[in-house]
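Colleague: with the sequence up front, the predicted model follows.
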Amino acid sequence: MKYIATIGLEVHAQIRTSSKMFCGCRTDAAHAAPNTNVCPTCLGLPGALPVPNRSAIEQIVKTGIALHSTIAADSTMSRKNYFYPDLPSSYQRSQFEDPLCIGGHVDIVVNGIDRRINLTRIHIEEDTGKLNHMPDGTSLVDYNRAGVPLMEIVSEPEIESAEEARLYFQSLHQLLSWIGVNSGNLEEGALRCDANVSVRPEGQKEFGSKVEIKNVNSFRNVERAINFEIERQTQVLTDGGKITQSTRGWNDATGKTVEQRSKEFAHDYRYFPDPDIPPFHMERSLVDQIATTLPELPTVRRNRFIEQYAVSIADAELLTTNTTVAAFYETTVAAVVKNNGTARDASVWILGEFFRLLNDQGESLTEAATRMTPAHIAELIGLLNNGTITRASAKEVFEICYREGTAPESIVAARGMAVIGDSDALLKMARDAVAANPKAVADFKAGKEAAVKFLVGQIMRQSRGQASPQAAESAVVAALAEV
Amino acid sequence: MSLTRAEVVRVADLARLRLSDGEIDAMQSQLSRILEHVSALQAVDVTGVEPTAQVTDLVNALRTDANWPSLERTAAIRNSADTDLGMFRVKAVFEEH
């Protein structure tokens, strides 16, 4: 029997604020000594009054607009009750009945096919503290993270594969960084993901029992954890077993999910409206004003690149990875076009040579762009296009410019890298090559045209790529005619 | 409004209360009486009354995103029964049950 999977994702994203959701403590939990970003409010001490952070709410609205959600005119905070040491007040402030954003969608491309993943909601939530488990079995609790503002983005259960789930998560990651509401720092847990996975026999209408996989925090592990879970559940069902609703944790080291909690012990959260926090009302005019702060969104910019600059879909995707890359590309295009190059020249050099060097050096575009400026790239392309340097030399000049930040024209002048088109000089090199390679000469005489290419290659090597390939070939033909 | 014994056990469990058998019996009758008392409210006609969880009539009681001084760590953890490395120490955390 064939089984099909149904997946829903809950993504928790830390909102970029300097203070917590309900108090003025700092939000840089990852960089602060334990329990130094805490106050009576986020420690849940009696008598403290939580006051919501306006910026956090507005950033969720901004996200909702970018994800095509409906922004609720009225919404409320609720308490989600449970006992756990990472939760100082024994309830988490969240939204239950009236979330801030309703619906919405994320468009992804899976194997070249457009897919729309619908959202259920986006709501406000506060983060919990962090438990450090000690060898003696006790835990040490740090509440720096408690009360840090989060938004929870909940998808409809309509993701069909682990790959789709990863693409959806990646797409959210890109968008949230793009519009500036999230740092995108997965290592520091700025974006975390829980996956609800169920399988059912093909043709069966109702969903199978869902299993929730907690806290999967990298693109790769989202895909691995879901694939593991689909295979595990399919195997259980194939063997005639039953899946019970449960919560499982992902273990990165073993590559497996492990049961943490089954349904019979499922939490009863007893949500109720938080009496400490008056409801929110969003004026339409404020929502409209927030909408004007959104930049051109990644898919819109990607499609414009395809139309305006005639780049391929794949290249456009890479050029809109983040706003820094996209802006760098567009500035470079403008400079290159002014210098008689094309938009395509710009993307070829940025995606080819520049990205390769960034990868090799493990450097960010922002750092490297202080040396490898759009103007330098335009100058280099100009030198190549007007025949001052060969393509091989251009790559070398590019690398030197990347390292030193020197203008390409200066590099070419200082190192004498201009193209060798001088026919006497090339003829001399060709004669040397012919004299040094009797086998190639014999091959040529036996009718093997490839021998010419080989000898041209010798000249290119000797000239360190500076010889004009056409002129070099003419010189080789001339030198061969002499023997 | 009468609570079953199982409901009392469940509520005690959710409230992290450990009750003896005798206490469960006592709570069963006392809690039932409290619920009965409160259920008198069911008789009130609330036609046309909007449900609310708030009594202040406040809306958008928000603050600007600005930092204020946090507690000194020594003060923050001072009342804890056990601390180490500037953190609160808690007993082994087991998953539910």
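Modeller: Alright, I've got the coordinates.
Colleague: ok, which stretches of chain B are helices?
Modeller: B:5-14, B:21-39, B:73-77 (DSSP state H).
Colleague: need the contact list for residue B:84.
Modeller: With contact set as Cβ atoms under 8 Å, 6 or more residues apart in numbering or on different chains, residue B:84 has these partners: residue A:140. Heads up, the C-betas are built off the backbone N, CA and C, glycines and all.
Colleague: any idea how far residue A:149 is from it?
Modeller: 29 Å (Cβ to Cβ, to the nearest Å).
Colleague: domains of chain A?
Modeller: Domains of chain A are assigned by automatic domain parsing as A:3-290, A:304-415, A:423-482.
Colleague: quick one: list the elements packing against the host helix or strand of residue A:330.
Modeller: Using DSSP states H and E, residue A:330 maps to helix A:323-338. Helix A:323-338 makes packing contacts with helix A:298-309, helix A:313-319, helix A:343-349, helix A:365-368, helix A:374-385 when contacts are defined by 3 or more Cβ pairs under 8 Å, 6 or more residues apart in numbering or on different chains; DSSP states H and E.
Colleague: can you add distance to chain B and mean neighbour count and give the ones you listed back as JSON lines?
Modeller: Conversion of the helices and strands packed on helix A:323-338 to JSON lines gives the following (distance: least, Cβ to the nearest Cβ, whole Å; neighbours: other Cβ atoms under 10 Å in any protein chain shown):
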{"stretch": "helix A:298-309", "distance to chain B": "26", "mean neighbour count": "17"}
{"stretch": "helix A:313-319", "distance to chain B": "33", "mean neighbour count": "17"}
{"stretch": "helix A:343-349", "distance to chain B": "39", "mean neighbour count": "21"}
{"stretch": "helix A:365-368", "distance to chain B": "25", "mean neighbour count": "14"}
{"stretch": "helix A:374-385", "distance to chain B": "34", "mean neighbour count": "22"}
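Colleague: in the longest strand anywhere in chain A, what counts as buried?
Modeller: Secondary structure assigned by DSSP state E gives strand A:113-126 as the longest strand of chain A. Of the residues in strand A:113-126, A:115, A:117, A:119-126 count as buried by neighbour count, 16 or more other Cβ atoms under 10 Å in any protein chain shown.
Colleague: now do stretch A:468-475
Modeller: Here stretch A:468-475 shows A:468-469, A:471-473, A:475 as buried, counting by 16+ other Cβ under 10 Å.
Colleague: next, count neighbours for residue 29.
Modeller: Since no chain was named, I'll use chain A. 24 (other Cβ atoms under 10 Å in any protein chain shown).
Colleague: let me rephrase: I mean chain B.
Modeller: 11.
Colleague: again, but for residue A:42
Modeller: Residues near residue A:42, counting by other Cβ under 10 Å: 30.
Colleague: alpha carbons of the longest strand along chain B, as CSV, please.
Modeller: As assigned by DSSP E, the longest strand anywhere in chain B is strand B:87-90. As requested, the backbone C-alpha atoms of strand B:87-90 are provided in CSV (Å, rounded to 0.1, in the frame of the first residue of the first chain):
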residue,chain,number,x,y,z
MET,B,87,21.5,30.3,37.7
PHE,B,88,18.6,28.8,39.5
ARG,B,89,19.1,25.2,40.2
VAL,B,90,16.0,22.9,39.8
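Colleague: show me what it is packed up against.
Modeller: Checking 3+ Cβ pairs under 8 Å, 6+ apart, strand B:87-90 ends up next to strand A:139-142.
Colleague: what lines up beside the strand it packs on in the sheet?
Modeller: Sheet pairing of strand A:139-142 (DSSP bridges) gives strand A:130-133 (antiparallel), strand B:87-90 (antiparallel).
Colleague: and the contacts of it?
Modeller: So strand A:139-142 is contacted by A:29, A:34-35, A:85-86, A:129-134, B:84-85, B:87-90, B:92-93 (Cβ under 8 Å, 6+ apart).
Colleague: now for chain A, the helix or strand with the poorest mean pLDDT.
Modeller: Using mean pLDDT, DSSP states H and E, the weakest-scoring helix or strand in chain A turns out to be strand A:256-262, at a mean of 81.
Colleague: CA atoms of it as PDB?
Modeller: Output of strand A:256-262 as PDB, limited to C-alpha atoms (Å, rounded to 0.1, in the frame of the first residue of the first chain):
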ATOM      1  CA  LYS A 256      16.300   9.800  14.700                       C
ATOM      2  CA  THR A 257      13.300  11.100  16.500                       C
ATOM      3  CA  VAL A 258      12.600   9.900  20.000                       C
ATOM      4  CA  GLU A 259       9.300   9.900  21.800                       C
ATOM      5  CA  GLN A 260       8.900  12.500  24.600                       C
ATOM      6  CA  ARG A 261       5.300  12.500  25.400                       C
ATOM      7  CA  SER A 262       2.200  10.600  24.200                       C
END
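Colleague: residue numbers of chain B in contact with chain A?
Modeller: Contact residues (Cβ under 8 Å from any Cβ of the partner chain) of chain B with chain A: B:14, B:16, B:53-54, B:56, B:58-71, B:73, B:76-77, B:84-93, B:95-97.
Colleague: which among these end up buried?
Modeller: Buried among these (16+ other Cβ under 10 Å): B:62-63, B:65, B:70-71, B:73, B:76-77, B:87-90.
Colleague: ranges for the strands of the stretch 1-150 of chain A?
Modeller: A:3-14, A:70-71, A:74-75, A:78-81, A:91-94, A:101-102, A:105-110, A:113-126, A:130-133, A:139-142, A:149-155 (DSSP state E, counting those that start in this stretch).
Colleague: ranking the ones you listed by burial, who's on top?
Modeller: strand A:149-155 (a mean of 24; mean count of other Cβ atoms under 10 Å in any protein chain shown).
Colleague: looks like residue A:294 contacts residue A:62 (just checking).
Modeller: Yes. Using Cβ atoms under 8 Å, residue A:294 is in contact with residue A:62, at 6.4 Å.
Colleague: what about residue A:195, which SS state?
Modeller: strand (DSSP: H, G, I helix; E, B strand; the rest coil).
Colleague: and it, how many neighbours does it have?
Modeller: 28.
Colleague: mind checking how far it is from residue A:225?
Modeller: Counting by Cβ to Cβ - residue A:195 and residue A:225 are separated by 7 Å.
Colleague: go on, residue A:322?
Modeller: For residue A:322 relative to residue A:225 (Cβ to Cβ), the value is 26 Å.
Colleague: ok so, going back, helices and strands around the least confident helix or strand of chain A, which ones?
Modeller: strand A:211-216, helix A:219-238, strand A:246-251.
Colleague: who wins for proximity to chain B among these?
Modeller: Closest to chain B of those, according to Cβ to the nearest Cβ: strand A:246-251, at 8.8 Å.
Colleague: give me the contact list for that closest one.
Modeller: A:211-216, A:221, A:224-225, A:229, A:256-263.
Colleague: dump the residue contacts of the spatially most central residue of chain B.
Modeller: Centroid-nearest residue in chain B, with Cα atoms, centre = their mean: residue B:15, separated by 7.0 Å. Contacts for residue B:15 (Cβ under 8 Å, 6+ apart) come out as none.
Colleague: distance of it from residue A:153?
Modeller: Where residue A:153 is concerned, residue B:15 sits at a distance of 32 Å (Cβ to Cβ).
Colleague: one more: residue A:74?
Modeller: Distance from residue A:74 to residue A:153, by Cβ to Cβ: 20 Å.
Colleague: same check, this time on residue A:66
Modeller: Residue A:66 is 11 Å from residue A:153, by Cβ to Cβ.
Colleague: could you do residue A:109 as well?
Modeller: In terms of Cβ to Cβ, residue A:109 sits 19 Å off from residue A:153.
Colleague: go on, residue A:292?
Modeller: Counting by Cβ to Cβ, the gap from residue A:292 to residue A:153 is 22 Å.
Colleague: now do residue A:434
Modeller: 69 Å.
Colleague: where does the chain dip in pLDDT?
Modeller: Went with chain A since none was named. Applying pLDDT under 70 to chain A flags the ranges A:261-267.
Colleague: not quite, I wanted chain B
Modeller: B:1, B:93-97.
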